[in-house]
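In: dropping a prediction and its sequence here:
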Amino acid sequence: MGTEFWWFYDVIAAAVILVCIFLSGKKGFLKSTLTAVCCVVSIFIAFAVSGTLSQSLYKNTVRSSNIKKIEKNINSTVFTQKYAAYLENMGYFIKVNSEKLDTVFKSDKELDKALCDYVNNINSRKTEENEAVLIEKIHEGYAVVMSEIISQSLNKFAAETAANEIRNDSSGMKELILFMLDKDSNHKAAVYIADKYTASAYSTIFSLTGFVVLYISLFLIIMAVINSFTSRSEGGTQSISSHISGGFMGIITGGIMVFAAAAVIRLWAIMGSNEMLFFNNDVIDGTFIFKYFYDLTLKM
């Protein structure tokens, strides 16, 4: 969707860097160096502060609301029903009994092993000879089912993040499933999901938003201070070497500007659930230059 426009990002990235090189070369070494330092200082402060505050902001703002939304949309049968449907659609031509599946979930056996044994004995024969393949499918089932459940309460990014968290580490699924099977209360399950599987999605949103706002604010403030001190101190004709070295400093400034733009675009893609025509990951993955700046924002 819109992937044919990948080149636009590379053109803009190259244009930003070239413009920064030109302007920095025109300013000369002193002003261009101070501008580059301003960018570096602003981006490090914004990165550090936004990352530190993001989790705290999540806990003190949307966490309680998310728990209520999740709690409202789950019950003691939803996971079993969806997971049973997933098992039946794995291609093994099996019919899952929901009550027996509940018993498997509640058994003292290790979860993966219990599910493997159950699937392999439904038709009184071994369904899958390669146990590693079956376990991989079982793990994927956790991710798929929880993504479906979470997407009914929260946004697509939160659901995708939860699925990836589970794919990376499914060790918490046994505890979560037992919480979800509780007929008396689904509050523990909602809290568990909100804290373990969706918190990082909202922390990312807060981190990106805070980074963009802080970076722009700090950059403007620091540049205003720098300009007030350098407007009178640097005058007259500058040497060629000053212009050339200033141009090299412009590469740093341009790179940081592109990184900040990448953070804005990633935030836009997240808020649009990665489904917008132009602002989506598939378009950016096709770029040659911009994707490297974009990938750096994934670490935020």
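Out: Now that the structure is in, tell me what you want to look at.

In: how many neighbours does Met180 have?
Out: 24 (other Cβ atoms under 10 Å). The way it works is simple: take the backbone N, C-alpha and C, and place the C-beta from them, glycine included.

In: list the contacts of it.
Out: By Cβ atoms under 8 Å, 6 or more residues apart in numbering, the contact list for Met180 reads 74, 76, 78-79, 186, 189.

In: please repeat the previous calculation with a cut-off of 7 Å.
Out: Met180 makes contact with 74, 76, 79, 186, 189 under the criterion Cβ atoms under 7 Å, 6 or more residues apart in numbering.

In: okay, and the helix or strand of the chain with the least pLDDT?
Out: helix 281-285 (a mean of 84; mean pLDDT, DSSP states H and E).

In: for that one, name the packing helices and strands.
Out: helix 290-297 (3 or more Cβ pairs under 7 Å, 6 or more residues apart in numbering; DSSP states H and E).

In: figure out how far the helix it packs on is from the centre of its chain.
Out: Between the centre of helix 290-297 and the centre of its host chain there is 13 Å, according to Cα atoms, centre = their mean, to the nearest Å.

In: now for that helix, which elements pack on it?
Out: Short answer (3+ Cβ pairs under 7 Å, 6+ apart): helix 290-297 packs on helix 6-27, helix 240-271, helix 281-285.

In: of those helices, which is nearest Lys113?
Out: helix 281-285 (35.9 Å; Cβ to Cβ).

In: what residues sit buried inside the closest one?
Out: By neighbour count on 16 or more other Cβ atoms under 10 Å, the buried set for helix 281-285 is 283-284.

In: with stretch 26-37 instead?
Out: 27-36.

In: same check on stretch 147-156?
Out: Buried-residue list, stretch 147-156, by 16+ other Cβ under 10 Å: 147-151, 153-156.

In: from the middle of its chain, how far away would whichever strand or helix holds Val191 be?
Out: Under the criterion of DSSP states H and E, Val191 resides in helix 187-192. Distance, stretch centre to chain centre, for helix 187-192: 22 Å (Cα atoms, centre = their mean).

In: report the rounded mean pLDDT for that helix.
Out: Mean per-residue pLDDT for helix 187-192: 97.

In: check stretch 37-50 too.
Out: The model assigns stretch 37-50 a mean pLDDT of 93.

In: and the contacts of that stretch?
Out: 207, 210-211, 214-215, 218-219, 222-223, 226, 252-253, 256.

In: okay if I get the residues you listed as TSV plus secondary structure?
Out: Output for the contacts of stretch 37-50, formatted as TSV (DSSP: H, G, I helix; E, B strand; the rest coil):
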residue	secondary structure
Ser207	helix
Gly210	helix
Phe211	helix
Leu214	helix
Tyr215	helix
Leu218	helix
Phe219	helix
Ile222	helix
Met223	helix
Ile226	helix
Ile252	helix
Thr253	helix
Ile256	helix
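
In: may I ask which two of the contacts of Met180 are separated the most?
Out: Phe79 and Asn186 (10.3 Å).

In: neighbour-wise, which of the two wins?
Out: Using other Cβ under 10 Å as the criterion, Phe79 and Asn186 rank with Phe79 on top: 25 against 21.

In: pull the contacting residues for the more buried one.
Out: Contacts of Phe79 (Cβ under 7 Å, 6+ apart): 145, 149, 177, 180.

In: so which of those sit within helices?
Out: Counted as lying in helices by DSSP state H, out of the contacts of Phe79, are 145, 149, 177, 180.

In: what's the pLDDT at Leu296?
Out: Value for Leu296, per-residue pLDDT: 88.

In: next one: the one 4 residues further on
Out: Confidence at Met300, expressed as pLDDT, is 71.

In: now Asn155
Out: Asn155 is given a pLDDT of 92.

In: ok, it to Ser147 distance?
Out: Taking Cβ to Cβ, to the nearest Å as the measure, Asn155 falls 12 Å from Ser147.

In: on that earlier part again, tell me the two of the ones in helices among the contacts of Phe79 that are most distant?
Out: Ile149 and Ile177 (11.5 Å).

In: give the other helices and strands that the helix or strand in which Ser147 is found contacts.
Out: Using DSSP H and E, Ser147 sits in helix 131-151. Under the contact criterion of 3+ Cβ pairs under 7 Å, 6+ apart, helix 131-151 touches helix 78-88, helix 111-121, helix 156-168.

In: lowest mean pLDDT across the ones you listed, which one is that?
Out: Among these, helix 111-121 scores lowest, at a mean of 92.

In: done for today, thanks.
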